[in-house]
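Peer 1: Predicted model follows, preceded by the sequence.
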Amino acid sequence: MEIENPAFNYDKYGQKYSGHRRTDPRIAEYVYDALGSAETVLNLGAGAGSYEPEDRYVVAVEPSNVMRSQRLKAQKVPAINGTADSLPFDDNSFDASMAMLTVHHWPDMNKGLKELRRVTREQVIIMTFDPDALDDFWNADYFPELIEVEKPRYPKIDFITNALGGKCAVQSIPVPFDCVDGFQEAFYGRPEAFLEKEVRLSQSAWGFLSEEVEDRLVKALSDDLKSGEWDRKYGEFRTKSSFTCALRLIIATP
């Protein structure tokens, strides 16, 4: 499925985003470890402030008015209204920079990644999903149209590492069973969550499907949960303390 603009309209649909997309402390440990000794950090596509370290000097950039207002309610530092492809900072302005589950929203990902590299002295940290691993999760069975939307939105891992240059490490991040950051994989063992409209609204890919398609996919899952068919096929996921699938952390150093 071809999408002209990969950006999700957070000003229209993101009013309750921060209620479902929060910092999961176990995932955050990987981010904070990657930040190392950096004292100044740029958070690009900062949203409501998930995964921002509280013990560093953080500058946040976020284009959505709704998301910037949610930051203030969460007592995060105010965010600058800006976009990835034209950052208003001098070269090497920050010790480190981070972009958490946001790259797939950028119309010009290559330019945005190069801008991050330009303004960062040391490590650039990207959290994203590997599109080549999106089929390794049961939702590819129940939500094939959703996966068809997701795959072309997420850049290949090699695309990111090539754009950033330097030395890049790629970590596969395990998602805990009770993950509080409500992306799709967070509910690998709690499928009932997908029946909640507000949960789906916090997962941007649903916004690219028609209401008719969304209703059909959700009904199919609901029917199989009621009949026990989902548990017959995938019930083992309810017993997994964590699940490692497509979530990646890329750490690029010059």
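Peer 2: Ah, there it is. Residues are numbered from 1 along each chain as shown.
Peer 1: And the closest residue to residue 143 other than its chain neighbours, which helix or strand is it part of?
Peer 2: Nearest non-adjacent residue to residue 143, counting by Cβ to Cβ, 6 or more residues apart in numbering: residue 217, 5.1 Å away. C-beta here means a position set from N, CA and C on the backbone, and glycine is covered the same way. Secondary structure assigned from DSSP states H and E places residue 217 in helix 211-227.
Peer 1: distance between that helix and the chain's centre?
Peer 2: Put simply, helix 211-227 sits 24 Å off its chain's centre (Cα atoms, centre = their mean, to the nearest Å).
Peer 1: moving C-terminal of that helix, what's the next helix or strand?
Peer 2: Next along the chain after helix 211-227, taking DSSP H and E as the criterion, comes helix 229-234.
Peer 1: which residues sit against that next one?
Peer 2: Contact with helix 229-234 is made by 138, 141, 191, 221, 223, 224, 225, 238, as judged by Cβ atoms under 8 Å, 6 or more residues apart in numbering.
Peer 1: Can you say which of these are buried?
Peer 2: Buried members of the contacts of helix 229-234, scored by 16 or more other Cβ atoms under 10 Å, are 138, 191, 221, 224.
Peer 1: now those residues in JSON lines, with distance to residue 157 and pLDDT?
Peer 2: Shown next, in JSON lines, are the buried ones among the contacts of helix 229-234 (distance: Cβ to Cβ, whole Å; pLDDT from 0 to 100):
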{"residue": "138", "distance to residue 157": "22", "pLDDT": "97"}
{"residue": "191", "distance to residue 157": "27", "pLDDT": "98"}
{"residue": "221", "distance to residue 157": "29", "pLDDT": "98"}
{"residue": "224", "distance to residue 157": "32", "pLDDT": "98"}
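Peer 1: can you list those residues in CSV and add distance to residue 93?
Peer 2: Formatted as CSV, those follow (distance: Cβ to Cβ, whole Å):
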residue, distance to residue 93
138, 43
191, 44
221, 46
224, 51
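Peer 1: now, among those, which is nearest to residue 47?
Peer 2: Using Cβ to Cβ, residue 191 comes nearest to residue 47 of the buried ones among the contacts of helix 229-234, at 25.2 Å.
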